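Engineer: got a sequence here, can you model it:
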Amino acid sequence: MATPKSGMGDMADVKEQIKLQGEIVRKLKQEKADPEKISEEVEKLLSLKEKLGDARPQKFQLKTPKGTRDYNPRQMAIREGVFKTIVECFKRHGAETIDTPVFELKETLTGKYGEDAKLIYDLADQGGEILSLRYDLTVPFARYVAMNKINNIKRYHIAKVYRRDNPAMTRGRYREFYQCDFDIAGQYDLMIPDAECVKIVAEILSELNVGDFIIKLNNRLLLDGMFAVCGVPEDKFRTICSAVDKLDKTFWEDVRSEMIDEKGLDPEVADRIGEYVRLNGKLELVEQLMQDEQMMKNKMARQGLEEMKLILTYCQLFGVLDKVSFDLSLARGLDYYTGIIYEAVLTAEKAQTDGTDKNEPVGVGSVAGGGRYDGLVGMFDPKGKKVPCVGVSIGIERLFSLMEARAEKSEEKVRTTETQVYVASGQKNMLEERMKLCNLLWEGGVKTEISYKKNPKLLNQFQYAEEHGIPLLAVIGEQELKDGVVKLRNTRTREEENIPREKLLEEIRSRFSSS
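Structural biologist: This is a model prediction of the structure:
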């Protein structure tokens, strides 16, 4: 009679797997590999050990996931102020808003982001649709336009997006972050919507008072024409464009090396590109390039230059020419751009430590970007129907980091609530009367708070109002009830005035309408 097979063989296999997995983890640590890769392999090791009941209990650490953060009330108050400024600008330009799911079919996002596609968060397959978290708001917008057969729309959308990027929290680069997008879809005359997008960026940055900035402009048609003139094979346009896009973060020598060593570009071709991408200016640069015979022989370059001349002229009419720069190094790595591209960069005064001009502007970070993407909607339409689009995305996290740092340096108190009146009393057994008065104010549309204690001390109530920046206190006691009045106290000046109860709402509204 056969005996039941022992599980000893299986256990031996698991032990062998643990040994091999342990070696993988040790090797990765020795090589100082990517911490995420190490964590992934450690998880596999722990999973194997659990099968033997040999896993050491892991101490749970309370923290936010890598590349994310919490926001306290003070930070949220600053953030909401920034959002308000941005939304008011979008609405001033006639935009309406939409919303889309936080995740999309993976197929929707595939093939739209070039080399950045590796940063997309894929969700685990749970036996249904294959999904990914949205990488930006532009591709979902294009899908929305195609799906709903929209021919023209001017929309804004503020929502979170997700990227498996290497976070740099202090510089406002996260894995989960908000984007604030403004896009114009529809068939319109050349460069008019594009110029309005540039105007919107200039308005927002000026209103937020974040300091000096420059909006770099370029054109994908011009870039592709330039690549062709320089001798770049057509099948390398996008990959070389991706390399040029790094010029705002690194030196030309590094970009040149990448083009030659990694992308396989001829050194002479790379050097010709280098002569162009170092150029920047305004209308005079357009005129200079229009004198370049090789450039003008190329159809794409010629069209790109004509568009650049037109948008710079419109920027002058919109009063923002002093804020823009035609910059041939601007590439923007995303594959879907087809025409004008732009990027706003904050500048700072360079410290005079190296003998150079102390007023030379130095980029301290991109805070907005966008461009024209005429082919994206057509990628989703069954018949390939194109709806031309142009848009801009405001880098809210970068702006928020700057505003938060400024608030930290300032002694100015940031209000975290909008409470207008605090109902108070210094006498006992006044809870019901305080609640009645509070209700009266709520129903009158006044933002009001009371203490949640039955018999709070009057001094504590005054201190609460001062600490939270609540402008007015409505104080009641037995005498006020008898006289039919409410004592209205100005928190800042501490001036007090008895107001007839029936005129209280009118008085409060009057004070806030005049302030």
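Engineer: look up how far V87 lies from I450.
Structural biologist: Distance of I450 to V87, given as CB to CB, to the nearest Å: 32 Å. In this view, the C-beta of every residue, glycine as well, is placed from N, C-alpha and C.
Engineer: more crowded one of these two?
Structural biologist: Each of I450 and V87 had its neighbours counted (other CB atoms under 10 Å), and the higher figure belongs to I450 (20 against 15).
Engineer: beta partners for the more buried one?
Structural biologist: Bridge pairing for I450 (DSSP bridges) gives the partners V423.
Engineer: now it: how far from L472?
Structural biologist: Counting by CB to CB, the gap between I450 and L472 amounts to 13 Å.
Engineer: now Y314
Structural biologist: Distance of Y314 to L472, given as CB to CB: 49 Å.
Engineer: more neighbours: those two, which one.
Structural biologist: More neighbours sit around L472 than around the other of Y314 and L472, counting by other CB under 10 Å; the figures are 22 against 19.
Engineer: residues contacting that one?
Structural biologist: The neighbours of L472, taking CB atoms under 8 Å, 6 or more residues apart in numbering as the test, are Q420, V421, Y422, L488, R489, N490, T491, I508, R511.
Engineer: report the two of the residues you listed separated the most.
Structural biologist: By the measure CB to CB, the contacts of L472 have their two most distant members at Y422 and R511, which lie 14.2 Å apart.
Engineer: which of the two has more residues huddled nearby?
Structural biologist: For Y422 versus R511, the count of surrounding residues by other CB under 10 Å is larger for Y422: 24 against 15.
Engineer: what pLDDT does the more buried one get?
Structural biologist: If you check Y422, the pLDDT there is 98.
Engineer: how about the one 3 residues further on?
Structural biologist: Reported pLDDT at S425 in the predicted model: 96.
Engineer: just L45 next, same as before
Structural biologist: Here the pLDDT value assigned to L45 is 85.
Engineer: burial check on V414, number of neighbours?
Structural biologist: 16.
Engineer: how close does it get to R79?
Structural biologist: Computed with CB to CB, the distance linking V414 and R79 is 11 Å.
Engineer: can you tell me the closest non-neighbouring residue to E433?
Structural biologist: Beyond its immediate neighbours in the sequence, the residue positioned closest to E433 (CB to CB, 6 or more residues apart in numbering) is I476, lying 5.8 Å away.
Engineer: next, that neighbour: phi, psi?
Structural biologist: Reported as degrees, to the nearest 10, the phi and psi values for I476 are phi -130, psi 150.
Engineer: residue contacts, it?
Structural biologist: For I476, the contacting residues are V423, A424, S425, M430, E433, R434, L437, V486, K487, by CB under 8 Å, 6+ apart.
Engineer: in TSV, list those along with neighbour count, distance to D235 and secondary structure.
Structural biologist: Listed next are the contacts of I476 as TSV, based on neighbours: other CB atoms under 10 Å; distance: CB to CB, whole Å; DSSP: H, G, I helix; E, B strand; the rest coil:
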residue	neighbour count	distance to D235	secondary structure
V423	25	72	strand
A424	26	74	strand
S425	25	79	coil
M430	21	81	coil
E433	17	80	helix
R434	20	75	helix
L437	25	75	helix
V486	26	78	strand
K487	18	80	strand
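Engineer: I'd like the average pLDDT over the longest helix along the chain.
Structural biologist: For the chain, the helix reaching the highest residue count under DSSP state H is reported as helix 8-30. Per-residue pLDDT values over helix 8-30 give a mean of 83.
Engineer: which secondary structure elements does it sit against?
Structural biologist: Other helices and strands packing on helix 8-30, by 3 or more CB pairs under 8 Å, 6 or more residues apart in numbering; DSSP states H and E, are helix 35-52.
Engineer: got the buried residues for the helix it packs on?
Structural biologist: I38, E41, V42, L45, L48, K49 (16 or more other CB atoms under 10 Å).
Engineer: just the angle between that helix and helix 8-30, please?
Structural biologist: Calculated by axes from the mean of the first three to the mean of the last three CA atoms, to 10 degrees, helix 35-52 forms an angle of 160 degrees with helix 8-30.
Engineer: following helix 35-52 in sequence, what is the next regular element?
Structural biologist: Scanning forward in sequence from helix 35-52 by DSSP states H and E, the next helix or strand is helix 73-92.
Engineer: is it true that Y337 lies in a helix?
Structural biologist: No - when the secondary structure is assigned by DSSP: H, G, I helix; E, B strand; the rest coil, Y337 falls in coil instead of a helix.
Engineer: number of residues surrounding it?
Structural biologist: Using other CB under 10 Å, Y337 has 25 other residues around it.
Engineer: wait, it touches R372, no?
Structural biologist: Yes - in this structure Y337 lies within contact range of R372 using CB atoms under 8 Å: 6.6 Å.
Engineer: between the two, which contacts overlap?
Structural biologist: Contacts common to Y337 and R372, judged by CB under 8 Å, 6+ apart, are R220.
Engineer: got a list of contacts for the helix or strand harbouring P193?
Structural biologist: Take DSSP H and E as the rule and P193 turns out to sit in helix 192-208. Contacts with helix 192-208, where a contact means CB under 8 Å, 6+ apart, come from 82, 85-86, 89-90, 92-93, 182, 184, 186, 213, 215, 217, 311, 314-315, 317-318, 320, 323-324, 339-340, 342, 344, 346, 367-368, 370, 372, 390-392, 394, 399, 403.
Engineer: which residue ranges of the stretch 251-400 of the chain form helices?
Structural biologist: Secondary structure of the stretch 251-400 of the chain, counting by DSSP state H, counting those that start in this stretch: helices at 252-257, 267-277, 283-289, 293-297, 299-317, 396-409.
Engineer: give the buried residues for the first one.
Structural biologist: Looking back up the chat, that one is helix 252-257. W252, V255, R256, S257.
Engineer: what's that helix packed up against?
Structural biologist: So helix 252-257, by 3+ CB pairs under 8 Å, 6+ apart, packs with helix 267-277.
Engineer: how does it look with 10 Å?
Structural biologist: With contacts defined as 3 or more CB pairs under 10 Å, 6 or more residues apart in numbering; DSSP states H and E, the packing partners of helix 252-257 are helix 237-244, helix 267-277.
Engineer: how far away from the center of its chain is the first one?
Structural biologist: Pointing back at helix 237-244 there. Relative to the chain's own centre, helix 237-244 is displaced by 24 Å; criterion: CA atoms, centre = their mean, to the nearest Å.
Engineer: ditto for stretch 245-259
Structural biologist: That offset, for stretch 245-259, works out to 25 Å (CA atoms, centre = their mean).
Engineer: now what about it, what contacts it?
Structural biologist: When contacts are taken as CB atoms under 10 Å, 6 or more residues apart in numbering, the neighbours of stretch 245-259 outside the stretch itself are 114-116, 216, 232, 236, 239-240, 242-244, 263, 265-267, 269-271, 273-274, 277-278, 327-334, 341, 343, 345, 363, 365-366.
Engineer: could you give the mean pLDDT of that stretch?
Structural biologist: Across stretch 245-259, pLDDT averages out at 82.
Engineer: repeat that for stretch 158-174.
Structural biologist: Across stretch 158-174, pLDDT averages out at 82.
Engineer: check stretch 445-462 too.
Structural biologist: Here the average pLDDT along stretch 445-462 is 97.
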